[in-house]
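# Here is my input; please provide its structure:
(one chain, ligands or ions: 1)
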Amino acid sequence: MPSMAPLSSGNKNGDGNGNVPGRGNGVPFGGHWGPPESTSATPSAANEAVGKRKATTLLPQTRVTKRQALLNQRRALPIASVESELVNHVKKNETLVVIGETGSGKTTQLPQFLHSAGFCKGGMMVAITQPRRVAAITVATRVAEEMGVEVGQEVGYSIRFEDCTSPSTQLKYMTDGMLLREALLDPLLSRYSLVVIDEAHERTIHTDVLFGLLKGVQKRRQAASTATKSSKKKAATTGVALKDLQNLLTTSKTPLEKKNSALKLVVMSATLDTKGFCEYFNGAEAVYVQGRQFPVEIFYTFTPEADYLDAALLTTFQIHLEEIPGDILLFLTGQEEIESMERLLKERASHLSPKVPKLLVVPIYAALPSEQQMRVFQPAPDGTRKVILATNIAETSLTIPGIRYVIDPGLVKARAYNPRTGVESLEVVPVSKAQARQRSGRAGRERPGKCFRLYTEDLYRKLEDSTVPEIKRCNLANVVLQLKAFGIDDVLGFDFMDKPSRIAIVKSLEHLYSLGALTDEGKQC
Ligand SMILES: Nc1ncnc2c1ncn2[C@@H]1O[C@H](COP(=O)(O)OP(=O)(O)OP(=O)(O)O)[C@@H](O)[C@H]1O
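Predicted coordinates for the structure are as follows:
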């Protein structure tokens, strides 16, 4: 049975994710968002511990360097007080499930703890997968800054078309797709001592394929490690030199023992079906890192909104006219919606009194080139409020400096697939509770925040707990080809965490065969 080990105490008000509920009187049509029930964050155990440490380590104000400020920020994170406990859990488990509230410090801190604990010794690396490119880039950049190194050196990232790593890289942030590619070239992932799968709740196709593959790699590395140990024993008793044995078995430059040492896995998320994950990973232990640094007040509408775009527009201007400075993050469903909202916001903003601060509208969606996506991270000029219009690309992992307000209409564009007709489509559907929490968690990262959900609290309660895994709602042709490329011919028997329907797998096999991508024996052509 998996066990849950609470590792620290923190602010537990609100919706179970450290969020603080508002009164729900936020009618976006000419009304105002009412006073919150509670706004102060209960100091977490981490903060108290940090307070004590600060007294002895803080330098005089004038000498506080940027590095020192970053160090103080790191120490104030809820995860900081449980570093050694967490590292011990990782050491004693082959696979560990880590759950921590948004902003508790999982993505940026845990890899640094592992680095300090020696998981990158002897040329080994720790991989941290992210579902999205922009997260891999920005988190790696932040961690490099915190460690006082250049990004691309000890801390790097790898995304499609961009490899920002070097031979000295030890912590490697990468998209889950890139780790899959590496596994094609190096099936034992022999350069890694540990893989962290971050934002596992997103359950992208790549994440789900990775789960099954990594379980396989763990088994093979375990078997190889046992075989190496017994060969060494035998070599010692028969007088065969270890060097000869290494020459015999090693196919890369990685030393034999390291290549064959066990691969550890850490599966991480703010919101996760803990039981399902622990069972899938052979009864893995789960630990819970409680607490967040800053509270987020949650507001709901009294009644359902007839037109969520209209409601989003009005809420944006309400915040702009009535709330204290701080940037706004508005979630929309796709590029078209973002472009039309951008036009509307700019047009309406042009009619505001010159005394009102300016609005700067910045879009971010997957089809936007990376350099343009990065514009959301640039600070707005003085006296200007930035409004970021984002798809779910900005839903997880990201810390966008300046964000104080989140507007969540509660909808997302998701893939849907009908295996009987073979038709795949994109549909606008309600978010899950997990997604809603991730969205609100984009605020409250540098200071207290507010999240305006453009739906009723009753509707929130009725949302699904988590998102249906992508693998259960898409055409599986690519997944089948990918597995075949890994030499996995029995696709139906692959160790999926949530198996797609048999008909969906058979249909894609038939489809690939008809295209000439598979042989009569079902092998890749
Ligand atoms: N690029 C950044 N700029 C400023 N602060 C940052 C940045 N990245 C992280 N932080 C700070 O570190 C905190 C922890 O971030 P981190 O991404 O590690 O949290 P997390 O627990 O992984 O959150 P999530 O589950 O939302 O991904 C943030 O709340 C923020 O205060």
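
# May I have the phi/psi pair for whatever residue of the stretch 251-400 of the chain ends up closest to the ligand?
Relative to the ligand, the nearest point of the stretch 251-400 of the chain is T399 (3.5 Å; Cβ to the nearest ligand atom). In this view, the C-beta of every residue, glycine as well, is placed from N, C-alpha and C. Main-chain torsions, T399, degrees, to the nearest 10: phi -110, psi 110.

# With T129 instead?
Note on T129: its backbone torsions stand at phi -90, psi 150 [degrees, to the nearest 10].

# what number of residues lie near it?
27 (other Cβ atoms under 10 Å).

# Close to the ligand: what parts of the stretch 151-300 of the chain are there?
A270 (Cβ under 6 Å from any ligand atom).

# Any regions of the stretch 151-300 of the chain where pLDDT drops low?
The stretch 151-300 of the chain contains residues with pLDDT under 70 at 227-260, 272.

# where do the strands sit along it?
Using DSSP state E, counting those that start in this stretch, the strands of the stretch 151-300 of the chain run over 155-159, 162-164, 171-175, 192-197, 264-269, 285-289, 296-300.

# So which of those strands is the most surrounded?
strand 171-175 (a mean of 27; mean count of other Cβ atoms under 10 Å).

# so what strands line up beside it?
Strand 171-175 has its sheet partners listed here by DSSP bridges as strand 125-130 (parallel), strand 155-159 (parallel).

# can you dump the C-alpha coordinates of the last one into PDB?
Presented in PDB, the C-alpha positions along strand 155-159 are these (Å, rounded to 0.1, in the frame of the first residue of the first chain):
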ATOM      1  CA  VAL A 155      22.100  23.600 -15.800                       C
ATOM      2  CA  GLY A 156      20.800  23.400 -19.300                       C
ATOM      3  CA  TYR A 157      17.700  22.600 -21.300                       C
ATOM      4  CA  SER A 158      16.900  20.600 -24.400                       C
ATOM      5  CA  ILE A 159      13.800  21.300 -26.600                       C
END
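
# Let me have the strands of the stretch 151-300 of the chain in a markdown table, extended by distance to D310.
Below are these laid out as a markdown table (distance: least, Cβ to Cβ, whole Å):
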| stretch | distance to D310 |
| --- | --- |
| strand 155-159 | 37 |
| strand 162-164 | 39 |
| strand 171-175 | 36 |
| strand 192-197 | 39 |
| strand 264-269 | 34 |
| strand 285-289 | 39 |
| strand 296-300 | 17 |
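
# hang on, the earlier thing: the strands paired with strand 171-175: which one's closest to R348?
Among the strands paired with strand 171-175, strand 125-130 comes nearest to R348, with 35.3 Å by Cβ to Cβ.

# relative to strand 171-175, how tilted is the next helix-or-strand element following that closest one?
Next along the chain after strand 125-130, taking DSSP states H and E as the criterion, comes helix 133-147. In terms of direction (axes from the mean of the first three to the mean of the last three Cα atoms, to 10 degrees), helix 133-147 departs from strand 171-175 by 170 degrees.

# Helix 133-147 near the ligand at all?
Yes. Helix 133-147 reaches the ligand (Cβ under 6 Å from any ligand atom) through T138, R142.

# Report all helices and strands that that helix contacts.
Applying 3 or more Cβ pairs under 8 Å, 6 or more residues apart in numbering; DSSP states H and E, one finds that helix 133-147 contacts helix 66-76, helix 106-116, strand 125-130, strand 155-159, strand 171-175, helix 370-373.

# repeat that for 6 Å
Contacts defined by 3 or more Cβ pairs under 6 Å, 6 or more residues apart in numbering; DSSP states H and E place helix 133-147 against helix 106-116, strand 155-159, strand 171-175.

# Touching the last one from outside, list them.
Right, strand 171-175. Under the criterion Cβ atoms under 6 Å, 6 or more residues apart in numbering, residues 111, 115, 125-130, 133, 136, 139-140, 155-159, 165 lie in contact with strand 171-175.

# a markdown table please, covering the helices and strands packed on helix 133-147 and showing distance to F317.
Formatted as a markdown table, the helices and strands packed on helix 133-147 follow (distance: least, Cβ to Cβ, whole Å):
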| stretch | distance to F317 |
| --- | --- |
| helix 106-116 | 33 |
| strand 155-159 | 36 |
| strand 171-175 | 36 |
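
# G522 - nearest residue in space that isn't next to it in sequence?
Among residues not flanking G522 along the chain, D489 sits closest, at 6.2 Å (Cβ to Cβ, 6 or more residues apart in numbering).

# quick one: that neighbour and V480, what's the gap?
Distance of D489 to V480, computed by Cβ to Cβ, to the nearest Å: 10 Å.

# how much space is there between the closest residue to L509 other than its chain neighbours and the ligand?
Nearest residue to L509 in three dimensions, chain neighbours excluded: V480, at 6.2 Å (Cβ to Cβ, 6+ apart). The gap separating V480 from the ligand is 31 Å, by Cβ to the nearest ligand atom, to the nearest Å.

# So V480: helix, strand or coil?
helix (DSSP: H, G, I helix; E, B strand; the rest coil).

# how many neighbours does it have?
When neighbours are counted by other Cβ under 10 Å, V480 comes out with 26.

# now swap in V506 and tell me
The burial count for V506: 14, using other Cβ under 10 Å.

# which phi and psi does it have?
Main-chain dihedrals, V506, degrees, to the nearest 10: phi -60, psi -40.

# Without its sequence neighbours, what residue ends up closest to it?
L492 (7.9 Å).

# now the residue of the stretch 251-400 of the chain closest to the ligand, nearest residue through space, not along the chain?
Closest residue in space to T399, ignoring its immediate chain neighbours: R445 at 4.9 Å, by Cβ to Cβ, 6+ apart.
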